[in-house]
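**Q** I'll drop the sequence and a predicted model, then ask my questions.
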Protein chains: 2
Amino acid sequence: MEFKLALTHDSEIPLYRQVFAQIASKIRSGELARGERLPATRELAGQLGLNRTTISAAYEMLEAEGLIAGQVGRGSFVTGERTSGVVDWGALLERTETPLASLSGGFGKDVISFVMSRPSRALFPLDEVRATCATVLARADLADILQLGSPSGYEPLRRHLLEEARRQDLASPGDDLIITNGCQQALDLIGRVLLRPGDTVAVEDPVYTGLKNLLGGMDARLVGIPVGAEGLDVAHLERVLERERPRFLVVTSNFQNPTGATMPLAARLGLLEAAGAAGVPVVENDAYGELRYSGAPLPAIKQLDHHGGTVLLRSFSKVSFPGLRVGWAVGPKPLMDRLRQAKEAADLHTDQLSQAVLLEFAESGRLEAHRARVLAAGAERLAATLDACRQYLPPGTRWTRPEGGMNVWVRLPEPLDAGELLSRAQKEGVAYLPSRYFTVSRLEPGALRLSFAGLPPDQIRAGIAILGRIVSGEIEATSRSFEPVPAMV
Amino acid sequence: MEFKLALTHDSEIPLYRQVFAQIASKIRSGELARGERLPATRELAGQLGLNRTTISAAYEMLEAEGLIAGQVGRGSFVTGERTSGVVDWGALLERTETPLASLSGGFGKDVISFVMSRPSRALFPLDEVRATCATVLARADLADILQLGSPSGYEPLRRHLLEEARRQDLASPGDDLIITNGCQQALDLIGRVLLRPGDTVAVEDPVYTGLKNLLGGMDARLVGIPVGAEGLDVAHLERVLERERPRFLVVTSNFQNPTGATMPLAARLGLLEAAGAAGVPVVENDAYGELRYSGAPLPAIKQLDHHGGTVLLRSFSKVSFPGLRVGWAVGPKPLMDRLRQAKEAADLHTDQLSQAVLLEFAESGRLEAHRARVLAAGAERLAATLDACRQYLPPGTRWTRPEGGMNVWVRLPEPLDAGELLSRAQKEGVAYLPSRYFTVSRLEPGALRLSFAGLPPDQIRAGIAILGRIVSGEIEATSRSFEPVPAMV
């Protein structure tokens, strides 16, 4: 192609800009059609008697304007200018927007953070993880791990977990098991197969933020069942099940997040009776069940249900490594078959390297040894938390006394608002999540969650001491401002 | 508790059954209340003067009936019998059921299988994977990998991919990048944030099964745009965009699954023009783009779009290891922000061990070396496929001639039905996917997909030879049965 450009060598406008402007005008006028190839920079430089860098600079400007596109080894070609229309992301995304509480951001690095309900990084047995990986990597079946797998999960792990569940009476002969990316994905898959927008789901109130956000994003209607010291209020549940007939109920039998509450046996049986009578499936979210620091373990709701109405969710995340995203769901085969389809649609299957590593971690006995250390540390941290609450929190403050898990729920004396106190707490070096992240319909402005498992005891004590000082100061300030005014007589 | 049981020692009914029957009756009558603890087997055996194994056998029967539950170290307690109600899974699951084509099952192990569009297991460089993992595991930041991560992805990998995308003009300053569990999850997340049930989505016809199933499961209405040798029919697309205003369009610019078709530059630009004019976002699913065996690469649609209406999906799955579930989406920030929220709700974040391993695999140069081997093998396998089609498939058969990817689309002469031929093909030792897995609205009963990348050339030739024999035989049989009948005059 011969390029005719009228260039003025003594102009104030640099040559590269002149080249740019004239080619741009040819493209905009349609003289240069979309898809047409431009001469190579060297060629055009030769034709015009210009330096090649001049042409390169002009082409770069054209590219920046979106008029041409360069392709390595193929030169540049005309992409034209779109004549009309752009995508209005704001309008497109608005329709499905749901206000989500995000846990990220807002908490500085130097703050003692009770924000995340996750295990302590310092307890990760790195050398044992290394040895475990080395074993897995040395195996002949490494290629199977790297190849596309099954939506049900890495079969050796799936079999291991199903056999374990059968030994523990957690799986009946009519049950099946599917591997998920942690409990979170199991909850998601259950929502996908059971919910349509507007459906009702019964959940705990307060409830795990991730569940609240997930179901909110699915346009589900949440009905909260109050959680007390003994877990879910079963009498309340019965009325809700009767009146609302929710699509399903999600319950945390052990060390509920955020309250730490555990349901006693009678409540578990009552819940099953009520759910069965209403024909409502029970989703037992048991991420924390294996983190019992004291007291005797209770049978899972799944274990007590002989009528196939319960699905149990468990995970490696809390007891070992949340960065490896492996959990599982065990329950009635018809549901599991549909979860498997939903899993295939969602992401084909769970990452297989982590599944193989966690299986080896379990089978080698390292998981159990690690769990023992996690339990010892957890017991110490829980004790530090409860001690510090006793020591530093002012009278009128109440808190739960869990026997395991990662969370204690603190209720400040009225009329304090834990959300309002947060920015001051952060400034003074302590962070937590106020109740608004967890509440469904019963607002508890004075409540907050302390996730203690990730912090060493001395930091727990220091953090709660700060919190206590702030709360005490606030009570004092409040009582001054609420001084009784003499009656006007 | 003193247990009064009336046992008959000389009865024909064994003692353990008598113990079982009488306790069962006490539970059913309510005499033994739910939650009540039974005596330990040793204790009850002592009270009744029976052997402990007799009591154990009776307890096992009670447990099997769901009347009691045993807890290790805590004895057994009454769980009662649920008085009413069970969950009707069939009814609950029916409402959201969608007929899903499943790829699993039905193909024996001795069959030459063209079924799966996945890389060759034999090409996995196991020792290089081992070395890569060893490097990652030796690092000081291993604990960060094991700890809970970010919904955006493992930050070092995210940064690496975003910088690469910027270098390749695939990301503009207003773009962001999020890590997903392969392209499949990126498609899922996009559906979650943009779709409500009943919404319309424009897709290729035929289209990737996993996308068809995913959108079907979301109750989306699919409008198929015909795919020819030059990819998506842009004139047809224009009419559909105008008429239907779909929520978005999913397009595979390179080596489309199942046809292998690649869109020429003019078609890419035309598509962008049409989508922009209609204000419809473009989802460019580019899982296969890096697997070009011949011909010059074309700019991605994302690269050509200077108006922020395109999101590009890529993955490590096809070019390296699908068992490690890592892909990514790069596109306009408002969309990415919402995808991140959806990702957090779906499964918190992508597995971090695989993200770290794939980053190291890329940064060490091993990915590029592996890709070179995959390209060499792929070129050979594609050539073997096309040669064998020429050599063995009877006249009247047509097939696509891709320059990369993993799939060739074969159209048998009318009136043959590739679905009907499949069982015979499997019996004779070859398997493929017939068109029904891929078609949206244009039925092509004669078409089938040959996924060649996982098979060595000799197996490809042997498999297509078998297929050719079957098709030739079928044509002969069909022409006999369709012999013209003399006109009745």
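**A** Cool, the structure landed. Residues are numbered from 1 along each chain as shown, chains lettered A, B, ... in the order given.
**Q** A:Thr41 is in contact with A:Arg52, correct?
**A** Yes. Judged on C-beta atoms under 8 Å, A:Arg52 makes contact with A:Thr41 at a distance of 5.3 Å. Using the backbone N, CA and C atoms, a C-beta is placed for each residue, glycine as well.
**Q** Those two: which is more packed in?
**A** Neighbour totals were compared for A:Arg52 and A:Thr41, and A:Thr41 leads with 21 against 14 (other C-beta atoms under 10 Å in any protein chain shown).
**Q** Nearest residue to the more buried one in space, ignoring adjacent ones along the chain?
**A** Excluding the flanking residues, the one nearest A:Thr41 by C-beta to C-beta, 6 or more residues apart in numbering or on different chains is A:Ile55, at 4.4 Å.
**Q** Next, A:Ala379: secondary structure please.
**A** Of the three states, A:Ala379 takes helix under DSSP: H, G, I helix; E, B strand; the rest coil.
**Q** Can you get me a residue count around it?
**A** Neighbourhood size, A:Ala379 [other C-beta under 10 Å]: 16.
**Q** Return the residues in contact with it.
**A** A:Tyr293, A:Ser294 (C-beta atoms under 8 Å, 6 or more residues apart in numbering or on different chains).
**Q** ditto for A:Asn407
**A** A:Asn407 touches A:Ser117, A:Phe255, A:Gln256, A:Asn257, A:Pro258, A:Thr259, A:Gly260, A:Arg449, A:Leu450, A:Ser451, A:Phe452, counting by C-beta under 8 Å, 6+ apart.
**Q** hmm, try it at 10 Å
**A** By C-beta atoms under 10 Å, 6 or more residues apart in numbering or on different chains, the residues touching A:Asn407 are A:114, A:117, A:208, A:255-261, A:288, A:382, A:385, A:400, A:433, A:438, A:449-453.
**Q** Please apply the same query to A:Gly260.
**A** A:227, A:229, A:231, A:252, A:254, A:288, A:382, A:385, A:399-409, A:449-450, A:452.
**Q** Which of those fall in helices?
**A** Among these, DSSP state H puts A:Leu382, A:Thr385 in helices.
**Q** Write a ChimeraX command that selects only the buried members of the contacts of A:Gly260.
**A** To isolate the buried ones among these in ChimeraX, judged by 16 or more other C-beta atoms under 10 Å in any protein chain shown, type:
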select /A:227,231,252,254,288,382,385,399,400,402,403,404,405,406,407,408,409,449,450,452
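**Q** and stretch A:336-350, does that touch chain B?
**A** Yes. Against chain B, stretch A:336-350 shows contacts by C-beta under 10 Å from any C-beta of the partner chain at A:336-338, A:340-342, A:344-350.
**Q** What about those residues, which are in helices?
**A** Taking DSSP H as the definition of helices, those contribute A:Met336, A:Asp337, A:Arg338, A:Arg340, A:Gln341, A:Ala342, A:Glu344, A:Ala345, A:Ala346, A:Asp347.
**Q** Give me the pLDDT value at the residue nearest to A:Asp88 when sequence neighbours are not counted.
**A** Closest residue to A:Asp88 apart from its sequence neighbours, by C-beta to C-beta, 6+ apart: B:Gly279 at 6.0 Å. You'll see B:Gly279 listed with a pLDDT of 93.
**Q** Run through the residues that contact B:Gly279.
**A** A:Ser84, A:Gly85, A:Val86, A:Val87, A:Asp88, A:Ala91, A:Leu92, B:Leu241, B:Arg245, B:Gly309 are the contacts of B:Gly279 under C-beta under 10 Å, 6+ apart.
**Q** and the nearest residue to the last one once chain neighbours are set aside, what is it in contact with?
**A** When the adjacent residues along the chain are set aside, B:Gly309 lies closest to A:Val87, with 3.7 Å between them (C-beta to C-beta, 6+ apart). Applying C-beta under 10 Å, 6+ apart to A:Val87 gives the contacts B:248, B:275-276, B:278-282, B:305, B:307-311, B:332, B:334-335.
**Q** Dump the residues of stretch A:336-350 next to chain B into CSV; add distance to B:Gln355 and neighbour count as well.
**A** Converted to CSV, the residues of stretch A:336-350 next to chain B look like this (distance: C-beta to C-beta, whole Å; neighbours: other C-beta atoms under 10 Å in any protein chain shown):
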residue, distance to B:Gln355, neighbour count
A:Met336, 28, 22
A:Asp337, 30, 16
A:Arg338, 29, 23
A:Arg340, 25, 23
A:Gln341, 26, 20
A:Ala342, 24, 25
A:Glu344, 22, 23
A:Ala345, 22, 27
A:Ala346, 18, 27
A:Asp347, 14, 28
A:Leu348, 16, 21
A:His349, 16, 27
A:Thr350, 14, 31
